[in-house]
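In: with the sequence up front, the predicted model follows.
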Amino acid sequence: MRWQIEGFVFCDQQQSLTHDGKRQQLEPILVELLSYFCNNPDNIISRDTLVETVWLGRTVTDSAVNRAITKLRRCFADDPRTPRFIATFPKKGYKFIAVANRITPDDTTTLQPGNTALPVRTARRQASGKWLLYTTAAAIAVAIGLLWYQGSDKATSLFTAAKPLTRSSGQEWQPRISPDQQYLTYTEIVSNNMQLFIKKLSDGHTIEVMSEAEANAWVGPASWSPAGDKIVYLVATKDYCRYYLQAFDAMTLGEPQLIHNCPAGSYGKIAFTHSDNLLVFTERSAANAPYVLFAFDLATGKKRKLNQPPLILAGNVSFDLHPTQNKLLVSSVDEQMWERFYSLDLNTDTIKLLFKLNSYICCGIWDHSGKRVVLMGEHPAVQLISYDLQGTDRQVIYAGSQQLHAPERHPNGRDYVFAAGSSNLDVHFYSFSSGQTQQITNTSVDDRLVVISPQQNKVAYVGLASGTEEIWLADSDGKNQRQLSHFADQRHFLDLTWSPDGKQLAALMLNEIHLFDISHNSNRVLLIPQTEIRAISFQDQQKLFYSVKQDGNWLVKQYNLATNEVSATESKWQFVRFAVNADDTLWLDQQNNLYTGATAQPAELPQPDSLNIMAGRHFNLRKLGANWYWQLWDNDQYQLYSITAEHQQPQPLLRSDSPHFDLSETGIFYHVAEQRNTDIFQTVALK
């Protein structure tokens, strides 16, 4: 929806505020706040009401509300002493006093399916506290005869709203609604533990599945049998992986039946097909291996590996069963890191590539007709998108302001269910000398991938304050923040690294490397083929190293920034990470042996068995003189450990909410989630 607010134009879908041709990007929480003000002008709104309606009842402090109000006032250059937009009423609340008018399409304008200029929702409550449906301008479509898709080849409507199915303080994920539409299974992360629940939708009564599982076990996700009388689900820890089957009857569960032991380190999913006896599931051979698709026959207890796309990155963990046919939609990346969508016939074990999308996008499902694909929009996903089976006819079928996660079909044949929410990841600094922590960034959105400059006076990080991922710079104490990149699109950053002189910054994206000149605010793309890239690192001002896979092995490459020439290094090495102090440089050979220093001498680190030297695209290990630091995943958080000259055993140091951290001589830069909230929603289709 678009609003005219005095001389400003506010677009909540584009998360922008425009005045005199100058466009400001708004943080998502400011979009929600301004949307609520526009819908409730000239009313004094209490803090409690704002928390309930804008922050959706999440636990927030008064200072967080104050900061959001202050930031919004700055966007309008509004003086709180003589306000023209937001007036403060002490001990009562705030009133939006500016005139806000909806900008609607001209009466002669034709509303096209998938028109992204219209559908947006804002969360609202009535004084009674009961949730209203999210409202959007797409309701105009009713008046001009836009009808819901009923089996034709084209989806010809937009969803007007989404209603919440869960509202707890934790993170609810992975929804599945029973075939009779009476029950919802979902997982919830509370206190770093994932639990599986079944909720009766009519009265909200909830039971826990496998409540006797050990404290550190992750339980779920689940899948319903075609008749809705059984569920099948995962129970996993770092030491084991198990799939269970359990009978279900009117909120009563039978005894759990262990049907398959998968390798430790697997955290996949399992699903019924259209037969009670045939299941499809994913597992991986080891913690860092890709996921492989299997079929499992309950009658014989036998599994078979399915024909499937090549195993790249995480492999084939994302799949969906066709609504009426015995075939899967498999989402899997190719060697260029772009998403491909395959149809896999379970009867004939034949696979067919449907289409490819050159975008950072994920997790497709069949639509209700089986003639289209529905998936999240590009990162950070706030839309549900629909494509035909050729990857054309792109349509936006739902749009919101919270980040969406993988959708599932509702058994009513019309709607979809999905998790949606927000997070607030901030940068923190831990001081070696004092043992105290200091907050470096404090926005209402994610700030991540923090790296300290070699001179230790600047930090760079990736932030969502503008609505999309951009690189930001600040002093090492968080002051003097400024935006370095201005892409304003859906690209995704995976790693950052400084040049030794602190004048350049290399940024690893999905399948390419960008080089930023800090002084001139310019950037260029390095001339290398699009592929999976890991471990970017400067050796000096002109040489950037990175690793790519060739013939099944990771190999280190050297890029000359002056000549744009790429050369191979000794084939012995998988990865290298150079450090300001050459003695702290890390090398990993093809046998996963660790070496250190400029001349690559065998490391003397007493390695714990569970230490993963690499964490995805970057090193999970740092050396600082005689001291070593690394993180291990531990129930939805990361425990950072150290081994120092005084301790020959790993010592727990702090807990982080990100797999990424960086070191300086004085301390550790890491990330803390100030807020995480995810709920499950159901779309509401046009009648």
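Out: Here it is on my side, so go on.

In: quick one: contacts of stretch 207-220?
Out: Residues from elsewhere that reach stretch 207-220 (C-beta atoms under 8 Å, 6 or more residues apart in numbering): 174, 185-187, 193-198, 222, 231, 233-238, 244, 246, 251, 253, 256, 267, 635. (C-beta placed from N, C-alpha, C; glycine too.)

In: where do the strands of the stretch 51-200 of the chain begin and end?
Out: Assigned by DSSP state E, counting those that start in this stretch, the stretch 51-200 of the chain shows strands spanning 86-89, 93-96, 100-103, 161-164, 171-177, 183-190, 193-200.

In: Asp48 belongs to a helix?
Out: Yes: counting by DSSP: H, G, I helix; E, B strand; the rest coil, Asp48 is found in a helix.

In: now do the contacts for it.
Out: Neighbours of Asp48 in contact, by C-beta under 8 Å, 6+ apart: none.

In: quick one: pLDDT of it?
Out: In this model, Asp48 is scored at 83, pLDDT.

In: now it: how far from Arg622?
Out: Distance, Asp48 to Arg622, by C-beta to C-beta, to the nearest Å: 45 Å.

In: just Ile533 next, same as before
Out: Remark: distance between Ile533 and Arg622 (C-beta to C-beta) = 20 Å.

In: who has more neighbours, these two?
Out: When neighbours are counted by other C-beta atoms under 10 Å, Ile533 and Arg622 differ, and Ile533 comes out ahead with 24 against 20.

In: for the closest residue to the more buried one other than its chain neighbours, what is the enclosing helix or strand?
Out: Sequence neighbours aside, Tyr546 is the residue nearest to Ile533 in space, at 5.3 Å (criterion: C-beta to C-beta, 6 or more residues apart in numbering). Secondary structure from DSSP states H and E places Tyr546 in strand 543-550.

In: elements contacting that strand?
Out: Packing contacts for strand 543-550, counted by 3 or more C-beta pairs under 8 Å, 6 or more residues apart in numbering; DSSP states H and E, involve strand 513-517, strand 534-538, strand 553-560, strand 573-577.

In: hmm, try it at 10 Å
Out: Applying 3 or more C-beta pairs under 10 Å, 6 or more residues apart in numbering; DSSP states H and E, we find strand 543-550 packed against strand 493-498, strand 504-509, strand 513-517, strand 534-538, strand 553-560, strand 565-568, strand 573-577.

In: give me the sheet partners of the second one and which way each runs.
Out: If I follow you right, that is strand 504-509. Strand 504-509 has these partner strands in its sheet, going by DSSP bridges: strand 493-498 (antiparallel), strand 513-517 (antiparallel).

In: just the helices from the protein, written as ranges.
Out: With helices called from DSSP state H, the chain shows them at 28-39, 47-53, 62-76, 140-143.

In: among those, which comes closest to Ser168?
Out: Ranking the helices of the chain by their distance to Ser168 (criterion: C-beta to C-beta) puts helix 47-53 first, at 14.9 Å.

In: break the chain into its domains for me.
Out: Structurally, the chain divides into domains by automatic domain parsing as follows: 2-103, 165-370.

In: can you give me the offset of the shortest one from its chain's centre?
Out: The offset between the C-alpha centroid of domain 2-103 and the centroid of the whole chain comes to 26 Å, using C-alpha atoms, centre = their mean, to the nearest Å.

In: end-to-end on that domain?
Out: 5 Å (C-alpha to C-alpha, to the nearest Å).

In: ok, stretch 244-258 next?
Out: Counting by C-alpha to C-alpha, you get 5 Å between the two ends of stretch 244-258.

In: pull the residues that contact that stretch.
Out: Stretch 244-258 has contacts (C-beta atoms under 10 Å, 6 or more residues apart in numbering) with 178, 182-183, 185, 198-200, 203, 205-213, 219, 222, 224-225, 227-235, 242-243, 259-260, 270, 272, 279, 298.

In: thanks again, I'm all set now.
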